[in-house]
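> output the structure for:
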Amino acid sequence: MTTAMAARHDRGWSPAGVLVAAVAGSLAVASLVLAVADWASPSPTALAGLSAESSNAVEVTVQTIGLFTLAAMASLVVWRQPSNVFGWVLAATVISLSVEVVAEEYAVYGLVVAVGSLPLADVAAMLSHKVLPDVVGTGAIAAILVFPDGRLKSDRWLLVIAAAGVAALLDILSRLNDQSELFVGLFTGQYVPAYVPPALWPVGEMFGWASTAHIWGAVPALIAGVGVVMRMAASRGEARLQLQWFAWAASLFAIAGLLSLAVGLLGPSLSSFSPSDAAWAITGWARMANGVAGMILIPISIGIAIARYRLYDIDIVVNRTILFAGLAVFVTGSYAIVVAGVGSVLGQRAGANPVLTVVTIALVAALLLPVRGWLQSLADVAVYGRRARPYDVLSDLVHDVGRAEPAAKLLPRMAALLRDGTRSASSEVWVKVDERLQLAAAAPDLPSTPPPAVGTSEIAARLGDRASIAPVLRNGELLGALVVVKPRGEQLNNVERRLFDDLASQAGVVFERFRLVQELRESRARIVAAQESERRRIERNLHDAAQQRFANALLSLGMAQAEVSQTEAASRLMQEASREVKAGLGELRDLARGLNPPMLAEAGLAAAVRSLSDRSSLVTTVTVRCDRRYPDAIESAAYYVVTESLANAVKHSGARSVEITISESNGHLEVEVVDDGVGGADAGRGSGILGLRDRAAAVGGTLTVDSPAGGGTRVKVELPCA
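Predicted coordinates:
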């Protein structure tokens, strides 16, 4: 099931999202207030190239924007997708990070700015330095791996999260014997007069062997970055678009974190090459890049996936937010300009002149619909891009039809364009084939194909009241139907309805092409099935009737030869008759075997092809990479291609050897026959290659022939077998 489909199955709007926003937002505000209060004590470890004040300003800016952005994304996902594990993992990580930042600023204020003014400042310093960074790091790794649907790519990735958690726990325990001042600060940091309680030092000594656990934790972080790239590479269509920006941001986050760690470990070596503190300079900016990627770029990438690629179906919410915010600004601005502005020019207090108020109301009423339409277009373009202009959809479809693309490609394209142009939750394209409507394309793809429908009423019954259906007609004949399903509470507006109807009126030529191709394919399949049935009937008759009669005649001849007088002439005639009967019986068996070899039905394609190669007059090599059974029609078509290709190689190519390869790729059985003959095979000079192509096409496959003069002949057939 695609991400979009999974999102539609989770249509809750949980108040927990508001709670997450309240908690994370409050912590972000608290961190900003404390950061302003700590401004008098800037960090001595400023970013290289910046003063302490500038470095502090950069840190507070990134920190504040990042916390608010993360809080907004986490609360939005939890609000819209309450059962999505990703939303809760992100929320827990964001709240942990917010607590860490608040604890850092709290410790600086209570231990440096206003000493002794805040209780438990030393505990806050210890949490921010010893505990919470590892918790946040583990949460970030888990969030990256379960984005966007809350599921891991496979259960094996759970080991990565477990490894990160174990490394984090060991790092926390091993650092409890640190007797130096605590170092706090998300990006630049500073030492504060606080220490690990001596009672915890024995625990730290017990786990001293794990003092490099923070280095071990870098491995899961790197694997997580690789994992999200792998998930993106394995995705297709809209799911790939949803992942691409997130994969970039997550990879940058992992790389910057690893760079900071590596430079920190190699600090002494780097310092020996430069009089300046090169390690601190690189580490500081690497930590800043890590923070920007993790706190700003990752949530922005999630926002892009939500707004532009329909992740979690929140695009409607974003669209309406832009529209209503714009209307509020318009109404407020109109009032301010006319009532307050003009009133002040006339020397009156704002709102004191009722005439100006009436003028404002009339102005807003007159301009409300045009402004609303303009704002709607702006919101559509902001959320959906250029596809928000509906008639771009019709223009693109006409352009695709003009390029004479196959209907099998045009119909999925039509479904996607229809969904984008009408801003629907889903769209379907149904085509009438053999007096029944069949689903030809859907956007997004459905988890299973619904059964054919007799009419549009069956489609409407399946989808419910939210579905809008437009029949596709050509010369009064029903060719199919277009279907769109709007999000809950939405209906097609006038522009979308006109686009829907216009697209239906233009789709007839595409539907007719698809129907002709589909009916031709099905007629080919019926012809091949009839040929197979007739072949089996002939084989059965030959085996059960003609062969049996020959065998009986041979037995009777043997008995007669024993009974009659053994004159030389009679014996010679009887022996001659026996030889002829045996020869006829052998030819009859060969004929029956050629019609449908028993080996193919009993042992499968690979065994039948090997048996065929053993009987070939050419040196024939068979390579089998997938030795399993396939449907009868597929095996018969593949065997037919091999037998005909071998016969052509023997009769026409002048080849000395033939190579046959049987493999499987992307749900297709691939059979390739290559000879080293003279080449030059041409479908236009005979019906052999055309027959092979028709045979492959009848079961939905394709056949290609590469036969350059003097370069041998390569025949390759691909048949669907998934």
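
> doesn't Ile662 belong to a strand?
Yes: under DSSP: H, G, I helix; E, B strand; the rest coil, Ile662 falls within a strand.

> that one: neighbour count?
Using other C-beta atoms under 10 Å, Ile662 is surrounded by 20 other residues. Heads up, the C-betas are built off the backbone N, CA and C, glycines and all.

> pretty sure it sits against Thr623.
Yes: the criterion here is C-beta atoms under 8 Å, and Ile662 meets it with Thr623 at 7.1 Å.

> spatially nearest residue to Ser301 (excluding sequence neighbours)?
With C-beta to C-beta, 6 or more residues apart in numbering as the criterion, Ser301 has its nearest non-adjacent residue at 3.9 Å, and that residue is Trp245.

> phi first, then psi, for Pro451.
phi -70, psi 160 (degrees, to the nearest 10).

> distance of it from Gln438?
In this view, Pro451 and Gln438 are 9 Å apart by C-beta to C-beta, to the nearest Å.

> check Ala221 too.
Using C-beta to C-beta, Ala221 is found at 49 Å from Gln438.

> contacting residues for the residue nearest to Ser301?
If a contact means C-beta atoms under 8 Å, 6 or more residues apart in numbering, then Trp245 has Ile300, Ser301, Ile304, Ala305 as its contacts.

> now swap in Glu104 and tell me
Contact analysis of Glu104 by C-beta under 8 Å, 6+ apart lists Ala124, Ala125, Ser128, Val184, Gly185, Leu186.

> helix/strand/coil for the last one?
Reducing the assignment to helix, strand or coil with three-state DSSP, the entry for Leu186 is coil.

> ok so Arg151 is a helix residue?
No: assessed with three-state DSSP, Arg151 is coil; it does not lie in a helix.

> so what's it closest to, chain neighbours aside?
Val85 (7.5 Å).

> these two touch, right, that neighbour and Leu145?
No: between Val85 and Leu145 there is no contact under C-beta under 8 Å: 10.5 Å.

> those two: who's more crowded?
Leu145 (25 against 15).

> check which helix or strand covers that one.
helix 132-146 (DSSP states H and E).

> returning to that earlier point: who's more crowded, Ala221 and Gln438?
More neighbours surround Ala221 than the other of Ala221 and Gln438, with 24 against 19 (other C-beta under 10 Å).

> show me what the helix or strand that contains that one is in contact with.
For Ala221, the host element (DSSP H and E) is helix 218-234. Residues from elsewhere that reach helix 218-234 (C-beta under 8 Å, 6+ apart): 137, 140-141, 144-145, 147, 153, 157, 160-161, 163-164, 167, 240, 243-244, 246-247, 250-251, 253-255, 257-258, 261.

> over to stretch 205-216?
Stretch 205-216 is contacted by residues 134, 163, 167-168, 170-171, 173-177, 261, 265 when judged by C-beta under 8 Å, 6+ apart.

> give me the buried subset of those.
Asp134, Ala163, Ala167, Ala168, Leu170, Asp171, Leu173, Ser174, Arg175, Leu176, Asn177, Leu261 (16 or more other C-beta atoms under 10 Å).

> quick check: what element follows the helix or strand of the chain with the lowest mean pLDDT along the chain?
One helix or strand of the chain scores below all others by mean pLDDT, DSSP states H and E: helix 3-8, with a mean of 39. Going down the chain from helix 3-8, the next helix or strand is helix 16-37, by DSSP H and E.

> next step: the contacts of stretch 205-216 restricted to helices.
The helices, defined by DSSP state H, take in Asp134, Ala163, Ala167, Ala168, Leu170, Asp171, Leu173, Ser174, Leu261, Leu265 from the contacts of stretch 205-216.

> against Gly294, how distant is the nearest residue to the third one once chain neighbours are set aside?
To tie it back to what came earlier, the one meant is Ala167. In space, not counting the residues next to it along the chain, Ala167 is nearest to Gly217; the distance is 3.8 Å by C-beta to C-beta, 6+ apart. Computed as C-beta to C-beta, the Gly217 to Gly294 distance reads 15 Å.
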